[in-house]
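K.L.:
Using only what follows, build the 3D model:
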Amino acid sequence: MSLPDPFGWLSDAARNRALMALAALTVVQMIALDAVGRPLIDAVAPYGIVSFEFAGDLDAARAMLASWGESGRLYAALVLGLDYLFLVSYASAIALGCLVVARGLARRGARAAAAGVPLAWALLAAALLDAVENYALIQLLLGSDDGFWARLAYGCALPKFAFVVAGLAYLLAGAGWIAWRRGRRRSAQLGA
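P.N.:
Predicted structure coming up:
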């Protein structure tokens, strides 16, 4: 039994428009998150909020919070709040991109087309993991002394990033392969 397309309710034209809009929104949000999160980059948290996501234990999380100080905690809270909007756009954009690429691969008979739908679902799972991770990090920001939250954030961050990387790799490799095949076909037509 194959998985249903999570965006099967969208026509191809609507899917393409949604993909373009979500991709643009994702880029704008990435720029905003980078600007807001820049003050969180320091020697203790060299990757800012991402370092916090991967702290993994209460001592490491506390060290980052201490290095950020009160103003840094406010920036971290803002980043986590904005990330709730970002997780919807990036996950949906990459998922739709995987589905669009999968359709293009299927038209060309590529076996890799079968991976598009499962990857789209994995991206939606990544959004859910990101939401849980954010909640756990907010608990730490609010001063929780329970190391469970740092472990939970870490446990959500690992598969989230794995799904995102897999989706982006599929999207880029598939789109590249489609473009290459299209170029070869045009060259053959011009040479004939």
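K.L.:
CA atoms for contacts and neighbours, from now on please.
P.N.:
Noted.
K.L.:
Identify, by residue count, the longest helix of the protein.
P.N.:
In the chain, assigned by DSSP state H, the helix with the most residues is helix 58-107.
K.L.:
Run the angle between the helix or strand that contains Ala157 and helix 58-107 for me.
P.N.:
Here Ala157 sits within helix 148-191, counting by DSSP states H and E. Angle of helix 148-191 versus helix 58-107, following axes from the mean of the first three to the mean of the last three Cα atoms, to 10 degrees, is 30 degrees.
K.L.:
excluding its backbone neighbours, what's nearest the most centrally placed residue in the chain?
P.N.:
Among the residues of the chain, the one closest to the centroid is Val164, at 4.6 Å (Cα atoms, centre = their mean). Among residues not flanking Val164 along the chain, Leu123 sits closest, at 6.4 Å (Cα to Cα, 6 or more residues apart in numbering).
K.L.:
so how far is whatever helix or strand the one you found lives in off the chain centroid?
P.N.:
Assigned by DSSP H and E, Leu123 belongs to helix 116-141. Mean-position distance between helix 116-141 and its chain equals 9 Å (Cα atoms, centre = their mean, to the nearest Å).
K.L.:
which other helices and strands contact it?
P.N.:
Helix 116-141 sits against helix 49-53, helix 58-107, helix 148-191, with contacts defined as 3 or more Cα pairs under 8 Å, 6 or more residues apart in numbering; DSSP states H and E.
K.L.:
could you dump these to JSON lines with distance to Tyr135 and mean pLDDT?
P.N.:
Below are the helices and strands packed on helix 116-141 laid out as JSON lines (distance: least, Cα to Cα, whole Å; pLDDT from 0 to 100):
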{"stretch": "helix 49-53", "distance to Tyr135": "11", "mean pLDDT": "97"}
{"stretch": "helix 58-107", "distance to Tyr135": "8", "mean pLDDT": "96"}
{"stretch": "helix 148-191", "distance to Tyr135": "8", "mean pLDDT": "91"}
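K.L.:
I am finished for the moment; much appreciated.
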